[in-house]
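Student: sequence-free structure coming up:
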């Protein structure tokens, strides 16, 4: 898990952007992405509620897990990454530890 603005590393493996919106100021050719998983990113409503401080990280996590469980695109996403040995989840959010990434990582580990 890391910010998309950090330099790509040879140890990153399969690089996935987990944001719904394209990161400001990031050129697509500089992102070195294997997948932009915007279809399984938190919904716009959930993202706005969390960033607007209407809900805390715990509530955000619960709601995002519910979205992942109910999202018809989730199974296809898991299939795409199933055989990848190393996956690096990326976000533009400054505080990666309280972003969607740890929630998504836990979900992937539980469902692989």
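Tutor: It's in. Quick caveat: nothing in here was measured; it's all calculated off a predicted structure.

Student: do you know the pLDDT at the most centrally placed residue in the chain?
Tutor: Among the residues of the chain, the one closest to the centroid is residue 18, at 2.6 Å (CA atoms, centre = their mean). You'll see residue 18 listed with a pLDDT of 98.

Student: then residue 112?
Tutor: pLDDT, residue 112: 84.

Student: can you count the residues close to residue 82?
Tutor: Number of residues near residue 82 (other CB atoms under 10 Å) recorded here: 10. Every C-beta, even on glycine, is put in place using the N, C-alpha and C of the backbone.

Student: what number of residues lie near residue 102?
Tutor: Residue 102 has 15 neighbouring residues, counting by other CB under 10 Å.

Student: same question but for residue 108, I mixed them up
Tutor: Each residue near residue 108 was counted by other CB under 10 Å, and the total is 18.

Student: tell me the contacts of it?
Tutor: Taking CB atoms under 8 Å, 6 or more residues apart in numbering, we find residue 108 in contact with 78, 81, 87.

Student: relative to residue 74, how far out is it?
Tutor: 10 Å (CB to CB, to the nearest Å).

Student: want to throw the contacts of residue 108 into CSV with distance to residue 50 and pLDDT?
Tutor: Converted to CSV, the contacts of residue 108 look like this (distance: CB to CB, whole Å; pLDDT from 0 to 100):
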residue, distance to residue 50, pLDDT
78, 23, 98
81, 24, 97
87, 23, 97
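
Student: could I have the buried ones of those as ChimeraX selection syntax?
Tutor: In ChimeraX, a selection of the buried entries from the contacts of residue 108 looks like this (16 or more other CB atoms under 10 Å):
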select :81,87
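
Student: as a markdown table, the contacts of residue 108 with distance to residue 95 and secondary structure would be great.
Tutor: Below are the contacts of residue 108 laid out as a markdown table (distance: CB to CB, whole Å; DSSP: H, G, I helix; E, B strand; the rest coil):
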| residue | distance to residue 95 | secondary structure |
| --- | --- | --- |
| 78 | 26 | helix |
| 81 | 24 | helix |
| 87 | 21 | strand |
